[in-house]
Structure formats: structure tokens, C-alpha cells
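Visitor: Give me a 3D structure for the following:
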Amino acid sequence: MNKFMLGIGGFVLVLLALGFALPRESRFVISTDIDAADAAVYLQLVDPTRARLWLLDIGNDAEYSFAGPDRGIGASMTWNSTASGSGTIRVVEASPYSQVMARMNEGEPGEARLVLTLSKQYAITNLRMEFVHDYGLNIVGRYFGLLATGVLRREYEQSLSRLKDISEGLPVADFGDLEISDVNVSSVPVAILSVTSSPDSASVAEMLDDAYFEILKYIETNALSPAGPPLLIPGDYIGNKRRFDAGIPISGGDENIPPDRSRVRITRSYSGPAVLVRHIGPYDRLSATHHKAIAYLAAAGIERSGASWESFVSDPARTDESELVTEIYYPVRAR
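Guide: Prediction:
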């Protein structure tokens, strides 16, 4: 009996010795090439609500909660599943369009670290994922890491495959050079004139000159004052022409002016969350900026809640064309 116990004790000591000799960390590196802009892929990494779609295959019964900012450092996701258990992941480092680091089950035994590095190669984005699982002094965990690393590697290879499918299904436009911010806008009274024009730049410019002149005349006639830069709300096409709402924010006087023979009307602007895109340059490049901005909204999973509008911050009569500032607002649904 004593020999048996001594044998068991010796075996345990050998396991302990071997366990301490095993690496305290298990790690692997995998990568994939994605036919999408690095900015679009980056948004899938840095926003937990987007990462939920590709990172973990937990099961349909999983419940998710999110904390911190919508994206970036401090954004986190917690999940709880009957089949797969519970866990947390939090973004701890984020360098736009180049690298994201996240920690899983931070502060707990067996904490894991994900380092996701992006590199751009022409139109292709290479994503490199480094997974590091730190078992510390947990001997059982070290043995588990020795056995499970291959399984985890295959699971994360499937994760990158899902990320590739999502990213390559997004609108094709590189919005990495846009100046974008999330804002909350307040409603203000606006003098509006609805007009139609051929969609070419010259026709629109001529139409706007006439429209703003008519609006300013209306403002002066009714003892109002301009209270902001002119704005434009692009509308739908009617045959070979397009409808526009030209407007100027106003203040003073009576906002409830009864209708007269003027085509101008008083209304109030949108109030609520919006995405603001700052365009610098000629007006004839605004359509390209809109194209990029729409791609950004899709990549970020942001749902629009109304028509966009353009606010012409700079005076074109006093500003060089290359320095014209236009602020484009996209009303969005609160997350």
C-alpha cells in the first residue's frame, strides 16, 4: 500500500514538474487576405457589435451586452450561453487602420490576448491575428493549452473566414481619408425653397444662386435674420431632373409667418443623432465624398434615419476652391 501511495505521489510530482516546464502561454499566429479597404476591415475589429458577427461562434442561445464607447479603446462585449459559457472581450489598444489589441476575460485565470494587425497591399488588406493565452501558474491550464491550441487555431481560422466574407460584402470605397464624427444636432428654424435642376454641376450651381437669392429676399421682407450657413438637401430624381431643398437657418421675427405668394416656407431642421462628414475641396467632388460616407455607414453597421444635407460653411466668393469646407450630415438611428 505504501509503495502504491509512493508511486502515486511520485507520478503527481512528475506531472507537476512537467507542468511547470511547459510554457505558461499558448500562442499561434494566423492570417488571411481580404479584398476590402483596410478602413472597412478595421471597423469590424474595433466595434464589439460588429465583432459579434464574426469573432465567436457561440450559438443561437447566447445573450450579449455591450459597454463603453461604441468603438475603440474601452468598448467591450459580454456574452452568456448555455452551451458555450460566458466571457468578456474588451478593446485595450486601437491604432486606426493598422492594429487592434483586445483582451478576453481580463484579470481572470487564463486571460487571453488578441493582436490584430492590418497591412495594405494595393486593394488587398492582409490581416494577421496573434492569439496568446496566459495560464500563469495554473498547471492544469498549461496542459489544457498544450492539447487545445490546435482546436482554438482552427476555430479562429473559421472566425477570419467569416470576417473575410463580411468585409468583402461591404460597399467598395476606401473612406480612410474622411474626417468623420458622431454628433447630436439641435432643431432650428430654416427658410426652405424646393427647386428642381439638371444634376450637372453647372446647372445646380446656377439653380442654387437663384434659390438663395430668393430665400434672402424672403428673410429680409419678413424681418428675419440668417442664422447659419446655407444648406442643401438633395432629393429624388424626377425624370431627367433632380429635386433639391435649398435652405438658410433663420432667427428673429415670427417663425409662424403665414403663407404668402413666395415659394419659400418655414420649417424646422432635423434633431437627433447624426454622422458628420467634413468635406474640404471643390463642390463637384461632393458626390465622391457621399459615396465614401455611405460605405462608412455600411461598414460601421449604422442605420440612417432620414435624408442627408450639406451645410456650406465657406463663402465661395472669398475662399479658394481647394479650401471650401462643406459639412455633410447623415441622420442615424441611436444605437
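Visitor: List the buried residues of stretch 74-88.
Guide: Neighbour counts over stretch 74-88 (16 or more other CB atoms under 10 Å) mark 75-77, 79, 81, 87-88 as buried. (Glycine included, C-beta is placed from N, CA and C.)
Visitor: Could I get the residues you listed in a markdown table, plus columns for distance to Ser305?
Guide: Below are these laid out as a markdown table (distance: CB to CB, whole Å):
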| residue | distance to Ser305 |
| --- | --- |
| Ala75 | 22 |
| Ser76 | 26 |
| Met77 | 24 |
| Trp79 | 28 |
| Ser81 | 32 |
| Gly87 | 33 |
| Thr88 | 31 |
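Visitor: quick one: which two of the residues you listed are the most distant?
Guide: Farthest pair in the buried residues of stretch 74-88 (CB to CB) is Ala75 and Ser81. Separation: 20.5 Å.
Visitor: Switch the buried residues of stretch 74-88 over to CSV; also include pLDDT, distance to Glu179 and secondary structure.
Guide: Formatted as CSV, the buried residues of stretch 74-88 follow (pLDDT from 0 to 100; distance: CB to CB, whole Å; DSSP: H, G, I helix; E, B strand; the rest coil):
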residue, pLDDT, distance to Glu179, secondary structure
Ala75, 97, 21, coil
Ser76, 97, 27, strand
Met77, 96, 28, strand
Trp79, 92, 34, strand
Ser81, 84, 39, strand
Gly87, 89, 36, strand
Thr88, 93, 32, strand
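Visitor: And these, which is closest to Tyr156?
Guide: Taking CB to CB as the measure, Tyr156 lies nearest Gly87 of the buried residues of stretch 74-88, at 14.3 Å.
Visitor: What residues does the closest one make contact with?
Guide: 78-79, 104-105 (CB atoms under 8 Å, 6 or more residues apart in numbering).
Visitor: One more pass at 10 Å, please.
Guide: Taking CB atoms under 10 Å, 6 or more residues apart in numbering, we find Gly87 in contact with 56, 58, 77-81, 104-105, 108, 112.
Visitor: Any stretches of the stretch 1-150 of the chain with poor pLDDT?
Guide: Counting by pLDDT under 70, the stretch 1-150 of the chain shows low-confidence ranges at 1-25, 110, 134-150.
Visitor: mind listing the helices for it?
Guide: For the stretch 1-150 of the chain, applying DSSP state H, counting those that start in this stretch gives helices covering 2-21, 38-46, 48-51, 139-168.
Visitor: if I look at the nearest residue to Arg153 once chain neighbours are set aside, how far off is Glu310?
Guide: Nearest in space to Arg153, with sequence neighbours left out and distances taken as CB to CB, 6 or more residues apart in numbering, is Phe28 at 4.7 Å. Computed as CB to CB, to the nearest Å, the Phe28 to Glu310 distance reads 49 Å.
Visitor: I'm done for today, thanks for sticking with me.
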